[in-house]
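>>> just need the structure, nothing else, for what follows:
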Amino acid sequence: MPRRNVQEVTVEDVQKRRNPNKHYVYIIKVSWSDGTNEIIFRRYSKFFDLQMELLDKFPVEGGQKDPKRRIIPFLPGKILFRRSHIRDVAMKRLKPINEYCRALIQLPVYISQCEEVRLFFETRPEDVNPPKEESSGKKKSGIVERATSIIKRGGDSSSADPLPLDQYVAVTDYEKQESSEISLYAGQVVEVIEKNESGWWFVSSEEAQGWVPATCLEAQDDPDDFSLPAEEATEGVTLELSSGT
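Residues are numbered from 1 along each chain as shown. This next block holds a predicted model:
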């Protein structure tokens, strides 16, 4: 049988989860060349990892040697999180990420149908059987059923509650080893977007975002003591994170 390829991608909504820790995932509808339609769930950090893989694999098409030759789309990058909520940031990224996905699958077939892209959009076991959520006092339908319902009614997600990001302080300097990581200096405050069981956390600083060792961080005692001017607290900044930058 010929290998199926992605025909269309639509990022429908964001969804709150609390297991294994609080975070948001994007609900994505994927249409395949064999006529099937599937629902998958991806964290923002997974898009980030995919982008790093593509920029490393296709340096010319990623504009690493000549920016004018770049055809790989820009991934929505850093947004200032201070005194904000994960849901606010996730919603701000929803439309740009949808545009990123659509642009990605319209690239020449050697990119749009490469193994990295195909595997990213393939349904995974955790898409079919997501982690069970703790009961919050009301009986909730399964995540997959809710996602299907959202898609059918056009993406009503107003019932999701905001979750504040956790702030941590770097207890030691760290020099990044790969393009997907960021460097830290002792005393630097970062906000943790994702805590991976491998011991690497996906964080946002004022300069960049990327992976760092969890051992370099400790929880900040009182994150509410940290503030920025109002105009900075609400500003959204889009940066491209790529190899060598």
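
>>> hey, let's count contacts and neighbours off CA atoms from now on
OK.

>>> going by neighbour count, list what's buried in stretch 39-55.
Within stretch 39-55, the residues that qualify as buried are 39-45, 47-48, 50-55, counting by 16 or more other C-alpha atoms under 10 Å.

>>> neighbouring contacts of the one helix or strand Val212 maps to?
For Val212, the host element (DSSP states H and E) is strand 209-213. Strand 209-213 has contacts (C-alpha atoms under 8 Å, 6 or more residues apart in numbering) with 78, 176, 180-183, 199-204.

>>> buried only: go through those residues for me.
78, 180-183, 200-204.

>>> show me which pair in these is furthest apart.
Maximum pairwise distance in these, criterion C-alpha to C-alpha, is 18.6 Å, between Lys78 and Trp200.

>>> which residues of this protein score low on pLDDT?
Along the chain, segments meeting pLDDT under 70 span 1, 77-87, 131-165, 221-245.

>>> ok, longest strand in it?
strand 6-17 (DSSP state E).

>>> in strands only, show me the contacts of strand 209-213.
200-204.

>>> list just the nearest of the residues you listed to Ser112.
Phe202 (26.0 Å).

>>> just to revisit the earlier point, Throw the buried ones among the contacts of strand 209-213 into CSV and include distance to Ile28, thanks.
Converted to CSV, the buried ones among the contacts of strand 209-213 look like this (distance: C-alpha to C-alpha, whole Å):
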residue, distance to Ile28
Lys78, 21
Ser180, 23
Glu181, 26
Ile182, 28
Ser183, 32
Trp200, 25
Trp201, 24
Phe202, 21
Val203, 23
Ser204, 24
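
>>> of those residues, which is the nearest to Thr215?
For the buried ones among the contacts of strand 209-213, the nearest to Thr215 is Trp200 (8.5 Å; C-alpha to C-alpha).

>>> contact partners for the closest one?
211-214.

>>> Gln113 too?
5-6, 105 are the contacts of Gln113 under C-alpha under 8 Å, 6+ apart.

>>> so which of those wins on neighbours?
Val6 (21 neighbours; other C-alpha atoms under 10 Å).

>>> and the residue lying closest to that one once chain neighbours are set aside, how many residues sit next to it?
Closest residue in space to Val6, ignoring its immediate chain neighbours: Trp32 at 4.6 Å, by C-alpha to C-alpha, 6 or more residues apart in numbering. Using other C-alpha under 10 Å, Trp32 is surrounded by 17 other residues.

>>> any chance you could map the helices in this protein?
Taking DSSP state H, the helices of the chain run over residues 44-57, 86-104, 109-112, 115-121, 125-128, 143-153, 230-233.

>>> select, out of the ones you listed, the one closest to Tyr168.
Nearest to Tyr168, of the helices of the chain and by C-alpha to C-alpha, is helix 86-104 at 15.4 Å.

>>> for the closest one, buried residues please.
86-87, 89-91, 93-104.

>>> for that helix, packing partners?
Applying 3 or more C-alpha pairs under 8 Å, 6 or more residues apart in numbering; DSSP states H and E, one finds that helix 86-104 contacts strand 6-17, strand 23-32.

>>> nearest residue to the residue nearest to the spatial centre of the chain in space, please, no chain neighbours.
For the chain, the residue sitting closest to the mean C-alpha position, by C-alpha atoms, centre = their mean, is Tyr44 at 0.5 Å. Nearest residue to Tyr44 in three dimensions, chain neighbours excluded: Val25, at 7.1 Å (C-alpha to C-alpha, 6+ apart).

>>> show me what contacts the one you found?
14-17, 41-44.

>>> for Ala103, same thing?
Ala103 touches Pro73, counting by C-alpha under 8 Å, 6+ apart.

>>> the domain parsing of the protein - what is it?
Domain segmentation of the chain under the TED database yields 6-128, 167-219.
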